[in-house]
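Asker: Next input, structure requested:
(one chain, ligands or ions: 1)
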Amino acid sequence: MLDRRRFLRGSLLSSAALLLRKTSVAAPAELPLKSHPLVISTWEPNKKANAEAWKILGAGGSALDAVEAGVQVPEADPTDQSVGFGGLPDRDGKVTLDACIMNGNGDCGAVMFLEGIMHPIKVARLVMEKTPHVQLAGEGALQFALQNGFTVQNLLTPESEKAWKQWLLKADYDPMTIPKLLQQKNLKDGSGQQHNHDTIGMLALDAAGHLGGACTTSGMAYKLRGRIGDSPIIGAGLFVDNEVGAATSSGVGEEVVRICGSHTVVELMRHGRKPEAACREAVERIARKKGTAAKDIQVGFIAISNRGVIGAFALQKGFTYAVQSHDGVQVFEAKALFA
Ligand code: SD4
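Answerer: Numbering: from 1, shown residues only. Down below sits the predicted model:
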């Protein structure tokens, strides 16, 4: 009862703040959303993806089906330049996709460095369900997709091709400079958003109390050909365990991989941390390893406990996340290490 009252009070405050700031509000230290089902995604625009997932969750469907359906929204959206169709290409002008999916029992599947397939998350689920393996890469992943009825499509939109050609004019072949430049630009324009980081990581808790998660991305823009980030790596970009909770990440994948980020968050929760505290500790671990360079990169985690408590934390401000439950749609900005 107390939790519900606290949540309702939080909702009212949130609504008021939403009116004032339009997009997102800072999250409270703990958001006790005990009413599952519940779905949560990285980045504010992905509330559209949550809505799709909610069609399944709200009708009593499974968390796994919900996240698989939800993340297909940005995958098919040509205006989302970080995921699927319309994603910014690698430095050679090719769109290469990474995705993974996991349920709370440890079943998981992933594809990485996959080209020409609009919905890599569907292929990841088939890897999980139809093969004895957990991950397929590149040509083999494509072959598997084609054998399973997928067709190849050109995923490079004119807009993304134009952006790539613009980038080619200077073509500084260091993929890490891109987020840095974007960050500087964003700091200047005050938006606080890092437009190179819109990967969707989605976590759901269904009515039966089971967790599921999915993560899908076109990865870092203008990356070296063959580069794979954290997003399709179970334990880095996503980890789900019905015994504890689930976590997913967005941002510079290399830094997430270095600390097995999402698994770290879930293990911290297993040892008693609340979701936000666990996300914070993982972010602080990255910051300690990077030293002063941590100011130039963004990494954010979101997490959910198996009881429906959610939390998030990021290196830089501007990391938003979207939540949907029977209590409605909410968007929050995660607390950050660097203001
Ligand atoms: C990657 N983590 O490939 C992804 C990028 C990302 O929002 O999160 N973009 O490293």
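
Asker: doesn't Ala312 fall inside a strand?
Answerer: Yes: using DSSP: H, G, I helix; E, B strand; the rest coil, the assignment for Ala312 is a strand.

Asker: so what's it up against?
Answerer: With contacts taken as Cβ atoms under 8 Å, 6 or more residues apart in numbering, Ala312 has the following neighbours: 27, 275-276, 279, 300-303, 319, 321, 332, 334-335. Where you see a C-beta, it was placed from the backbone N, CA and C, and this is true even at glycine.

Asker: just Ser305 next, same as before
Answerer: Val244, Gly245, Met269, Lys274, Pro275.

Asker: and the first one, how many neighbours?
Answerer: Val244 has 21 neighbouring residues, counting by other Cβ atoms under 10 Å.

Asker: quick one: contacts for it?
Answerer: Applying Cβ under 8 Å, 6+ apart, we find Val244 in contact with Val266, Glu267, Met269, Arg270, Ser305, Asn306.

Asker: Can you flag the buried ones in those?
Answerer: Val266, Glu267, Met269, Ser305, Asn306 (16 or more other Cβ atoms under 10 Å).

Asker: for those, which one is nearest the ligand?
Answerer: Of all the buried ones among the contacts of Val244, the one with the least separation from the ligand (Cβ to the nearest ligand atom) is Val266, at 17.4 Å.

Asker: if I read this right, that closest one contacts Phe301, doesn't it?
Answerer: No: the criterion here is Cβ atoms under 8 Å, and Val266 misses it with Phe301 at 10.2 Å.

Asker: shared neighbours, these two?
Answerer: Residues touching both Val266 and Phe301 (Cβ under 8 Å, 6+ apart): Ala247.

Asker: Tell me how many other residues surround Lys290.
Answerer: With neighbours defined by other Cβ under 10 Å, the count for Lys290 comes to 17.

Asker: From the ligand, how far out is Val323?
Answerer: From Val323 over to the ligand the distance is 18 Å, taken as Cβ to the nearest ligand atom, to the nearest Å.

Asker: thinking that residue is in contact with Gly311, fair?
Answerer: No: between Val323 and Gly311 there is no contact under Cβ under 8 Å: 11.0 Å.

Asker: those strands in the stretch 101-250 of the chain, which residues are they?
Answerer: Counting by DSSP state E, counting those that start in this stretch, the stretch 101-250 of the chain forms strands over residues 108-114, 135-137, 200-205, 211-217, 238-241, 245-251, given from the N-terminal end onward.

Asker: of the ones you listed, which approaches Ser160 most closely?
Answerer: Closest approach to Ser160 among those is made by strand 211-217 (13.8 Å; Cβ to Cβ).

Asker: The closest one vs strand 108-114, what angle?
Answerer: For the pair strand 211-217 and strand 108-114, the angle between their directions (axes from the mean of the first three to the mean of the last three Cα atoms, to 10 degrees) equals 0 degrees.

Asker: for the ligand, what are the nearby residues on the stretch 151-300 of the chain?
Answerer: Contact residues (Cβ under 6 Å from any ligand atom) of the stretch 151-300 of the chain with the ligand: 197-199, 217, 219-220, 229-231, 250-253.

Asker: So if I had to pick from Val323 and Gly311, which one is more boxed in?
Answerer: The residue with more neighbours, out of Val323 and Gly311 and counting by other Cβ under 10 Å, is Gly311; that gives 31 against 24.

Asker: partner residues bridging the more buried one?
Answerer: Beta bridges link Gly311 to Ala303 when assigned by DSSP bridges.

Asker: just to revisit the earlier point, farthest pair in the buried ones among the contacts of Val244?
Answerer: Of all pairs drawn from the buried ones among the contacts of Val244, the greatest distance, 14.0 Å, lies between Glu267 and Asn306 (Cβ to Cβ).
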